[in-house]
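>>> Please work out how this folds:
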Amino acid sequence: MKNQQQDMQDINDLIKVRREKMQAFLDKGINPFGDSCKVTHHAADICSNFEALEDKTVNIAGRLMAIRGHGKASFAVLSDVSGSIQIYFKLDVVGQEQYDNFRLLDIGDIISVEGTVFKTHRGEITIKVEKFAIESKSLRPLPEKFHGLKDVETRYRQRYLDLIVNPEVKDTFIKRTKIIKAMRRFLDERGFLEVETPVMNPIAGGANARPFITHHNALDMDMYLRIATELYLKRLIVGGLERVYEIGRIFRNEGVDNRHNPEFTSVETYQAFADYNEVMDMTEAMIAYITKEVLGTTVIDYQGEKIDLGSIRRVTMIDIIKEKTGKDFSTVKTLEEARAIADELHVPYEQHHGIWEVMYQVFDEKVESTLIEPTFVTQYPTAVSPLSKRNKDNPDFVDRFELFVYGRELANGFSELNDPIDQKNRFIDQQKQREHGDDEAHMMDNDFITALEYGLAPTGGLGIGIDRLVMLLTDSPSIRDVILFPHMKNRPVE
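Below you'll find the model as predicted:
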C-alpha cells in the first residue's frame, strides 16, 4: 500500500511540475494548446526518402517520446502515425527564446517542427530544428513501463496510452484498416453492393445467440440489437439486389474470452444463383487476396504456428470426426448409439438432442480445437442449421461449411434455405428448443417468411468474423488486442 501511495504522490508531483510549465508558456503569451499547424512530411517519409530530402526543409508534427539535453544542444525523438525520427535543437540555430521554450517541453508533449534533414556522425537521419511550436501540452506523464500482465487491463481501458507507448499496437490497428479496405476492394470488384441494414431489430434473428434488449420509447416496443445481418440482407436478394454485403457491428449478450467480445465486427455476403461450393471458392480466394495484400504472402506465423491461408482443406463433418476420434457416425442408426459414442468420449449433450445434434456436440468438443491448418468442414446437421438448405441426397444434412483456422471458427457459409414452408417448420423447431430452455434458439420471424413467399433466388451466403481475421494476420492472441475499445468491467480510471 505504501508503494502505491508513493507512486501516486510521485505522479501528482510530476503533474504539478507540468502544470507549472504550462503556466510558463501562458506567461510568455504562448497558447500551450495550439489550433493547427503545417505538416508536409511524416517520419517514415523522411527516413525512406532521405537522399531526396537531404538538406531540404520539412514540416513535421508529433509527440515527443524522448529528450536528451547537452547544454547548448539537445536531441529528442518525435513520433507520428508513421513512426519516429530524431530531431536536433541547437541554441545558435533556434535562438535563445526558442531554446528556453524547448526547456519547458516534456516527454508526451505534441509539437510541430520546421527544419532541415541531415545525418548525424553516427549515421542517424535527423531534423535540424529551425523553429518549433507547442501544439498540446501533456499534463500527465506517460507510463515508463507499459508491458506485462499487470498492465493488460490498463492497456485495454486506456487504449490511447497503449497506442502512444507501444508502436506495435498502432501497427495492428493500421493493418486492421488495410484488411477491411482489401476486403471491400475484393467484393466491390466482383460486383457486390455494400449496403446497410438496421442495428435495432424487432426480432433477434440470423444466428443462434442471446441478444441485448432495448426499448424504443417513441414506438413503445422492445427491440433487439442485431445478432446478425443475415435476414435483412436476404430480403434484399428477394428484392432483386443480386449481390450484397455488409460490414458492421454485431451484438451478442454472451461471455467474454480471448475469442469473444459482446460487440464485434463481421462481414456477410449474399450472392443470388450461387451455392455453398461457389461461396467456399470465393472465401478461399478472398482470404488469400487479403492476406497477400496486407502481408505480401499467404503464409502467416500465428502464435508460433506456420499457417498457409492460401491453401484450405475441405472435409465433411462425419469424416473429420472419424479422423480425429475414430468414431464413425455414418454407421450410427439409433440415438442410443450416438449417445454411447458421446458418453465414451465424455461429451455432454441434452436429453432432447437427436442423433445429429449429439454428433455436432462431439465435433464441437473434440474436433474443432484440433483444426490448426485452414479447414473447411462441410455437411452440417440440419438440426443445428435452421437457415441452411437441405442436402438433396440426405435431408438430415445441409449444404453448409465452416472455416476453421488455429482451432477457431473464422467463417460460416451455406446454400440459403429458400423454401418458405421448410423455413417456417425450422423456425417452429427452434421455438421448441426455446421451450426446452435454449434461449439462443432462433425466434419466429413471420415477416421473413412472407419475404420468402415472394421468392428468394437460390443464394449462397457467407459470414466472416473480421476481428478473428485481424487476430490471425497480426499474430494477436486475444480479440481484445484487435478491438480498439473492448468492453471491460467498470473501474475508475486512475
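>>> list the buried ones in the host helix or strand of residue 244?
Following DSSP states H and E, the helix or strand that holds residue 244 is strand 243-251. Going by neighbour count (16 or more other CB atoms under 10 Å), the buried part of strand 243-251 is 243-248, 250-251. Every residue, glycine included, has its C-beta placed from N, CA and C.
>>> List the buried residues of stretch 396-405.
Residues of stretch 396-405 classed as buried: 397-405 (neighbour count, 16+ other CB under 10 Å).
>>> my bad, should have said stretch 475-494
Buried positions in stretch 475-494, judged by neighbour count with 16+ other CB under 10 Å: 476, 479-483, 486.
>>> likewise stretch 331-344?
Quick answer for stretch 331-344 (16+ other CB under 10 Å): 332, 338-339, 341-342.
>>> any chance of those residues in TSV, plus secondary structure, pLDDT and distance to residue 156?
Shown next, in TSV, are these (DSSP: H, G, I helix; E, B strand; the rest coil; pLDDT from 0 to 100; distance: CB to CB, whole Å):
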residue	secondary structure	pLDDT	distance to residue 156
332	coil	96	45
338	helix	97	42
339	helix	98	42
341	helix	98	41
342	helix	97	38
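>>> got the contact list for residue 452?
By CB atoms under 8 Å, 6 or more residues apart in numbering, the residues touching residue 452 are 238, 418-420, 423.
>>> Which residues does stretch 222-232 contact?
So stretch 222-232 is contacted by 197-207, 209-216, 246, 248, 250-252, 266, 268, 387, 445, 448, 461, 463 (CB under 8 Å, 6+ apart).
>>> mind checking the SS state of residue 403?
When classified by DSSP: H, G, I helix; E, B strand; the rest coil, residue 403 comes out as strand.
>>> Check it and give its pLDDT.
According to the prediction, residue 403 has pLDDT 98.
>>> same thing with residue 4?
Value for residue 4, per-residue pLDDT: 62.
>>> quick one on the thing from earlier: okay, the buried residues of stretch 396-405 in CSV with distance to residue 36 next?
What follows is these, written out as CSV (distance: CB to CB, whole Å):
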residue, distance to residue 36
397, 62
398, 58
399, 57
400, 54
401, 52
402, 50
403, 47
404, 49
405, 45
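>>> Tell me the one among these nearest to residue 63.
Minimum distance to residue 63 across these is 36.4 Å, recorded for residue 405 (CB to CB).
>>> Looking at the contacts of stretch 222-232, which are in helices?
Among the contacts of stretch 222-232, the members falling in helices (DSSP state H) are residue 448.
>>> Quick check: ChimeraX command selecting the buried ones in the contacts of stretch 222-232.
If you want just the buried ones from these in ChimeraX, going by 16+ other CB under 10 Å, the selection is:
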select :197,201,203,204,205,206,207,209,210,211,212,246,248,250,251,252,266,268,387,445,448,461,463
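>>> ok so, going back, can you redo the contacts of residue 452 as TSV with neighbour count?
As requested, the contacts of residue 452 are exported to TSV (neighbours: other CB atoms under 10 Å):
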residue	neighbour count
238	19
418	17
419	13
420	17
423	21
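>>> and those, which two are the farthest apart?
238 and 419, at 13.4 Å, using CB to CB across these.
>>> what's the offset of the longest helix anywhere in the chain from the middle of its chain?
Criterion DSSP H: the longest helix present in the chain is helix 2-27. Taking CA atoms, centre = their mean, to the nearest Å, one finds helix 2-27 lying 37 Å from the centre of the chain it belongs to.
>>> And it, what's buried?
Buried residues in helix 2-27 (16+ other CB under 10 Å): 18, 21-22, 25.
>>> nearest to residue 54, of those?
Of all the buried residues of helix 2-27, residue 54 sits closest to residue 25, with 33.0 Å by CB to CB.
>>> Enumerate every residue touching the closest one.
31-32, 101, 104, 134, 137.
>>> ok, 6 Å please
Residue 25 is in contact with residue 32, counting by CB atoms under 6 Å, 6 or more residues apart in numbering.
>>> what do you get for residue 238?
Taking CB under 6 Å, 6+ apart, one finds 451, 454, 456 in contact with residue 238.
>>> Only C-alpha atoms, please: export the strand or helix carrying residue 155 in CSV.
Using DSSP H and E, residue 155 falls within helix 152-157. The C-alpha coordinates for helix 152-157 follow below in CSV (Å, rounded to 0.1, in the frame of the first residue of the first chain):
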residue,chain,number,x,y,z
VAL,A,152,-3.0,-5.6,-19.7
GLU,A,153,-6.3,-4.1,-18.3
THR,A,154,-4.9,-0.6,-18.3
ARG,A,155,-3.9,-1.1,-22.0
TYR,A,156,-7.4,-2.0,-22.9
ARG,A,157,-9.1,0.6,-20.7
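>>> any chance you could map the helices in the stretch 351-494 of the chain?
Secondary structure of the stretch 351-494 of the chain by DSSP state H, counting those that start in this stretch: the helices cover 355-362, 420-435, 446-453, 466-474.
>>> Save those helices as TSV, and put in mean pLDDT and distance to residue 184 too.
Below are those laid out as TSV (pLDDT from 0 to 100; distance: least, CB to CB, whole Å):
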stretch	mean pLDDT	distance to residue 184
helix 355-362	98	33
helix 420-435	89	30
helix 446-453	95	27
helix 466-474	98	11
